[in-house]
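Asks: this one's sequence-less:
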């Protein structure tokens, strides 16, 4: 009984700035290397809910492409400016990410077919590699799920000195649900204390 190998992709968009032709200089030439430095405009999807690379903003790639026995190894750095909304004060902010990238693009029918799941390894398709998925994953992993404009952000500005955002670290404030206020008046007690 023979097992069929699935092809994850049948073709790539050769006109995309994320796609690199590796046929001439790297394909099946272990030890050969090529440097790739370029700025690529960010497509949609390079971000999380509250922070990300704006569409069209440049993503700087500074990569080394090396021919290895199993395929082409891309390694180097990815840099981009990001913008978002602070999760505490809700004000807009900008930041910069600098990410290390290492991704193997395997030859069709290479040893990786037997040693890795289909979706674990990127593939060389039509003698080209598509850097976009690997770069997107690396950038998204670097972004905070709850971004802050600064580490000591006090939160939303309010004239109320008892607001939670302005409680000094280590100090507790009593907060009582107004629905229970009548019971507290009747029976006394301090209610729950929260930090």
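Replies: Everything's here; your move. For clarity, every value in this text was computed on a predicted model and none was experimentally measured.

Asks: In the chain, mark out all the strands, start to finish.
Replies: Using DSSP state E, the strands found in the chain span residues 19-21, 33-41, 51-52, 58-68, 71-85, 92-106, 122-123, 128-130, 173-174, 193-194.

Asks: What sits closest to the residue nearest to the spatial centre of the chain if chain neighbours are left out?
Replies: For the chain, the residue nearest the mean C-alpha position is residue 140 (0.7 Å; Cα atoms, centre = their mean). Leaving aside its sequence neighbours, residue 140 sits nearest to residue 48 (Cβ to Cβ, 6 or more residues apart in numbering; 6.7 Å). Just so you know, the C-beta spots here come from the backbone N, C-alpha and C atoms, and that holds for glycine as well.

Asks: Touching, the one you found and residue 142? I think so.
Replies: No. Residue 48 is beyond contact range of residue 142, at 10.4 Å (criterion: Cβ atoms under 8 Å).

Asks: Run through who's touching stretch 37-51.
Replies: Contacts with stretch 37-51, where a contact means Cβ atoms under 8 Å, 6 or more residues apart in numbering, come from 17-18, 52-63, 80, 82-85, 87, 95, 132, 136, 139-140, 143-147.

Asks: Which ChimeraX command selects the buried ones in those residues?
Replies: Buried residues within these, by 16 or more other Cβ atoms under 10 Å, are selected in ChimeraX with:
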select :18,52,53,59,61,63,80,82,84,87,132,136,139,140,143,147
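
Asks: In this structure, where is pLDDT below threshold?
Replies: Counting by pLDDT under 70, the chain has low-confidence residues at 1-10, 110-120, 157-177, 188-195.

Asks: which helices and strands does the lengthiest helix in it pack with?
Replies: Across the chain, the helix with the greatest residue count (assigned by DSSP state H) is helix 132-142. Under the contact definition 3 or more Cβ pairs under 8 Å, 6 or more residues apart in numbering; DSSP states H and E, helix 132-142 sits against strand 58-68, strand 71-85, strand 92-106.

Asks: can the ones you listed go into JSON lines with extra columns for distance to residue 124?
Replies: As requested, the helices and strands packed on helix 132-142 are exported to JSON lines (distance: least, Cβ to Cβ, whole Å):
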{"stretch": "strand 58-68", "distance to residue 124": "11"}
{"stretch": "strand 71-85", "distance to residue 124": "6"}
{"stretch": "strand 92-106", "distance to residue 124": "5"}
